[in-house]
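Participant: Provided below for reference: sequence and predicted model.
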Amino acid sequence: MKSLNDTVKLNNGIAMPGFGLGVWKVKDGEEVIHSVLSALRAGYKMIDTAAIYRNEGGVGEALRRSGVHRDDVFITTKVWNADQGYESTLAAFETSTKKLGIETVDLYLIHWPKAGKYKETWKAMEKLYKDGRVRAIGVCNFHKHHLEDLLQDAEIKPAVDQIELHPLLTQVPLRNYCYKQAIAIEAYSPLGSGGLINHPTLNEIGKKYGKTSAQVMLRWDVENEIITIPRSTQEAHIISNADIFDFALSPEDIDKIDALNADQRFGADPDHFDF
């Protein structure tokens, strides 16, 4: 990626922006509307939401208010665990599209690998894809063994695996597996849910380039061919997060960031969750 306009080609040929806005924990109504409008004004081409975020309605309202053509914004949403299953996934998709006010979703994801459910859910996702209701389908929070299990019966390979990924959780083995499978990696919580903003190594690297620690982390994503969706409700931060295309990290600095890995999660482990 060399600019916010650049895309990643998914395994079905669809062009997905490599940088976007995540809206997890952003309140529905004016807060999420402000965030999405700020991002679109700043040149963002992708918005990532989910049914469980309970802000799809606000995202849809922001799209309407923005005046941006629907085809110029890539919209991702996700089916929640309680709705997994074949018929319930199809119904959940209809609910999401009504809230968003759109007919077609660009990327629809299984939010978590719900044991005993995700294969049935995937069949519904495949139907939505074949019916032209979604342009690409994928998963979130799937480990390698989840993907291997899914692929045993899947007709369509996931286009994306969206996972928690940041300098303290680099997920290199999973990334390598997905790259071999032509499954794009997308990072959520790319700033460690805000917990890495004051990390001394990242701040030191940032000073070298005249950049913030957040910009260093997001640039690290871009240089590792990781799609990334930082979250912010403040317009200044939304603009700043995208100001990462005028510098490149040295190989030495990339190595320093890679070395921070501690397999530390800020969210749940996909092998151990109870929701």
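Facilitator: Noted; the coordinates are in hand.

Participant: CA atoms for contacts and neighbours, from now on please.
Facilitator: Fine.

Participant: Go through the helix or strand hosting Y177 and flag the buried ones.
Facilitator: Per DSSP states H and E, Y177 falls inside helix 172-180. If you call a residue buried by 16 or more other Cα atoms under 10 Å, then helix 172-180 has these buried ones: L174, R175, C178.

Participant: Tell me how far it lies from the chain's centre.
Facilitator: Mean C-alpha position of helix 172-180 versus that of the full chain (Cα atoms, centre = their mean, to the nearest Å) differs by 17 Å.

Participant: The closest residue to A42 other than its chain neighbours: how many residues sit nearby?
Facilitator: Sequence neighbours aside, I239 is the residue nearest to A42 in space, at 6.0 Å (criterion: Cα to Cα, 6 or more residues apart in numbering). Using other Cα atoms under 10 Å, I239 is surrounded by 17 other residues.

Participant: any idea which helix or strand comes after the helix holding Y177?
Facilitator: Counting by DSSP H and E, the element after helix 172-180 in chain order, helix or strand, is strand 184-188.

Participant: Return the alpha-carbon coordinates of that next one using CSV.
Facilitator: The C-alpha coordinates for strand 184-188 follow below in CSV (Å, rounded to 0.1, in the frame of the first residue of the first chain):
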residue,chain,number,x,y,z
ALA,A,184,-5.7,-12.3,3.7
ILE,A,185,-4.9,-11.3,7.3
GLU,A,186,-6.7,-8.4,8.8
ALA,A,187,-5.7,-6.9,12.2
TYR,A,188,-8.1,-5.8,14.8
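
Participant: Any buried residues in that strand, and which?
Facilitator: By neighbour count on 16+ other Cα under 10 Å, the buried set for strand 184-188 is A184, I185, E186, A187, Y188.

Participant: For L260, see how far away the residue lying farthest from the centre of the chain is.
Facilitator: Going by Cα atoms, centre = their mean, the residue of the chain most distant from its centre is K208, 28.4 Å out. Distance, K208 to L260, by Cα to Cα, to the nearest Å: 18 Å.

Participant: What pLDDT does the model give the residue nearest to A42?
Facilitator: Here the pLDDT value assigned to I239 is 98.

Participant: and it, backbone torsions?
Facilitator: phi -70, psi -50 (degrees, to the nearest 10).

Participant: so what's it up against?
Facilitator: I239 makes contact with S38, A39, A42 under the criterion Cα atoms under 8 Å, 6 or more residues apart in numbering.

Participant: Thank you, goodbye.
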